[in-house]
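Undergrad: Predicted model follows, preceded by the sequence.
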Amino acid sequence: MRRLALLMIVMVLGLGANSLYVGRVDTIGGTTYDWQLQGPAKRTLANAPEYGLHTVWMYSATEYPFSDRNIRYNFYNYLTRTWHWIEPDFISSGINVFTERAGFGNVQTDPNSGRAVIVAHISSGGSIRPVLVRDYEPGAGIFEFCLGPVGYLWPVLAVGETGWAHIAMMEDATRNGIFYSRVVVWCRWDDPMLMSYSGDPSFNIAASPASNKVIVSWVKIATPVDSLYYRLSTDGGASWSDPIALEPPPAYGGDTLTLFSLFGPFPYFDRNDQLHFVADIIPVINDTMYLVPAGIWHWCETNNPQWSLVRRAGCAPENLRGALGHNASYVSHPSIGEDNNGKLYVAWEEFDSSNVEPLTGLLRSNIWLAASNDNGQTWGEALQLTPSNTVSHRFPCVVDLIIGGGANGDTVVVMYLMDSIAGFYVLDQGPMSYNPIVCQFVPVSLLGMVGIKEASSVKRQGAICATVISKVICLQSQPFNRSERFVLLDALGRRVLDLKPGANDVRHLAPGVYFIQTGSSIERRVVITR
């Protein structure tokens, strides 16, 4: 479809073009423990479609050594449209899941009951072990505990169609072996089974909502090829395939090799039982691994080609005004979800090469979101959800199933940490800070669904109007198709104004982020200032 060339130029008297958030942002908790995970993204936000949203994060309200560290839980109730545990002091919002010091957990939804199922590891009596937890009913906050085998840490949980709990974890003694266990009957853990040796916490797990399939994945960085591996079970974890290697996509071409970073691979089974991966891919030049530039890529076993580019970002390393810090490449920690109609949504964190935290000299990060309506073969233009401000936005997780009205859902939810001072206090990279945990509700209508391949072939017909007019949106193209209808939407996706060719007076509108839409496509993000 022919695109209309658009221009919005406003007099900047207060807020700038990157000063506002897209959609609604709810602060649901907080933490001083700003290093939320070590490897790829984990499912910290899960949808129970008939009930609400389950969320977990690693919590502390104290300084090192974080004696109160725990997994914190909050629940968004669809009936009341409220969060269950919100306090005036955000750091006190949510409730502790465990009665002992705990950390590094994630959450899933039991498909049979809608209850939260949570895993984390606890340290007690000189030993470390995973613990599986389930709520008595959705959002009750009353938990039942199931102790796992001693000597394993960093557990990751997946729950599939059967409601069984599948756990991947690392052996504590060597910090090398990746093991798998499951809980079919509460509370009976299977004996841990060795999956592979990895040497780093890059492993992840997924279970299908449509079959007995389970996958455990991990990264090896000994060579720049065949570095992502997985093992597949088709019988609910009773038996497993040999390791299957996935070669990285030809992301950079020429003599530049490509590598899966440790912070990317996120496996996912959709509701059609298809296996997906999202990962961040980094270049290797002359045997040297670089963290910038980097790209978010999507893989699906049924696509041809199987790999597709979601987003590539980053400049030459010498042009960065600050360092990335620990546990990240320039774009990293992607996660993926879908709606009931099979549209896919990927969220990730992306650093801003010019936004530097003065206290640490480290770059701040933003959260980005992209969508696909053709099973990930092509991806629409990425949308920056967060402004480039004094906060570093880290560790996003997109909801697994899109929420809201209608059969397919109308709202994408992304959960993340607002790191008040870029750099991890946990690793002594900066001073302690109190950091909000937030959920951002983004209308699906604000996400373009035209994929990269299609968008790159669109011939733009219009010529941009180059008139500077305060508080005016100028629409102009040659020729102008009068059958096309253009609408101005607010940040919540609500229609606020029908637009016409030429000048459109917007003096009566409140300052904020707006979007121009034609048909089902978002054409341009605009900002109205005071």
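TA: On my side now, so go ahead.
Undergrad: what residue is smack in the middle of the chain?
TA: The C-alpha lying nearest the average C-alpha coordinate of the chain belongs to Cys397 (C-alpha atoms, centre = their mean; 3.2 Å).
Undergrad: Just to check, Gln517 is in contact with Pro443?
TA: No - checked against C-beta atoms under 8 Å, the pair Gln517 and Pro443 is beyond contact range at 10.7 Å. For every residue, glycine as well, the C-beta is placed using N, CA and C.
Undergrad: right, and Tyr434 touches Gly30 too?
TA: Yes - at 5.7 Å, Tyr434 counts as touching Gly30 under the criterion of C-beta under 8 Å.
Undergrad: Run through the stretch 1-150 of the chain and note the low-pLDDT ranges.
TA: Scanning the stretch 1-150 of the chain for pLDDT under 70 picks out 1-19.
Undergrad: again, 90 this time
TA: 1-20, 37-39, 123-127 (pLDDT under 90).
Undergrad: Please report the distance of Ala422 from Ser433.
TA: 10 Å (C-beta to C-beta, to the nearest Å).
Undergrad: These two: which is more packed in?
TA: Ala422 (30 against 17; other C-beta atoms under 10 Å).
Undergrad: Now for the more buried one: which residues touch it?
TA: 325, 356-357, 360, 362-365, 392, 430 (C-beta atoms under 8 Å, 6 or more residues apart in numbering).
Undergrad: Pick out whichever of the residues you listed sits closest to Ala48.
TA: Ala48 lies nearest to Ser365 out of these, by C-beta to C-beta, at 29.2 Å.
Undergrad: what sits against that closest one?
TA: 328, 349-352, 392-394, 419, 422.
Undergrad: Flag every buried residue along stretch 500-508.
TA: Neighbour counts using 16 or more other C-beta atoms under 10 Å place 504, 506 of stretch 500-508 among the buried residues.
Undergrad: In PDB, list the C-alpha atoms belonging to the strand or helix carrying Ser181.
TA: According to DSSP states H and E, Ser181 maps onto strand 177-183. Output of strand 177-183 as PDB, limited to C-alpha atoms (Å, rounded to 0.1, in the frame of the first residue of the first chain):
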ATOM      1  CA  GLY A 177      26.500 -29.200  34.200                       C
ATOM      2  CA  ILE A 178      23.000 -28.400  33.000                       C
ATOM      3  CA  PHE A 179      20.400 -30.700  34.500                       C
ATOM      4  CA  TYR A 180      16.700 -31.300  34.000                       C
ATOM      5  CA  SER A 181      14.000 -32.500  36.400                       C
ATOM      6  CA  ARG A 182      10.200 -32.500  36.400                       C
ATOM      7  CA  VAL A 183       7.300 -32.600  38.900                       C
END
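Undergrad: any idea of the angle the helix or strand following that strand forms with strand 177-183?
TA: From strand 177-183 onward toward the C-terminus, using DSSP H and E, the following helix or strand is strand 193-197. With axes from the mean of the first three to the mean of the last three C-alpha atoms, to 10 degrees defining the directions, strand 193-197 sits at 150 degrees from strand 177-183.
Undergrad: which residues are in contact with strand 193-197?
TA: 168, 176-181, 203, 216, 218, 229, 231, 240, 243.
Undergrad: For it, what does the pLDDT average out to?
TA: What strand 193-197 shows for mean pLDDT is 94.
Undergrad: got it, and stretch 416-435?
TA: pLDDT averaged over stretch 416-435 gives 93.
Undergrad: which stretches of this protein form helices?
TA: Using DSSP state H, the helices of the chain run over residues 452-457.
Undergrad: For the longest strand anywhere in it, buried residues please.
TA: If you go by DSSP state E, the chain has its longest strand at strand 344-357. For strand 344-357, the neighbour count (16+ other C-beta under 10 Å) marks 344-353, 355-357 as buried.
Undergrad: And stretch 63-80, by the same measure?
TA: By 16+ other C-beta under 10 Å, the buried positions in stretch 63-80 come out as 66, 69-76, 78.
Undergrad: before we move on, back to that, run the chain-centre distance for the strand holding Ser181.
TA: 25 Å (C-alpha atoms, centre = their mean, to the nearest Å).
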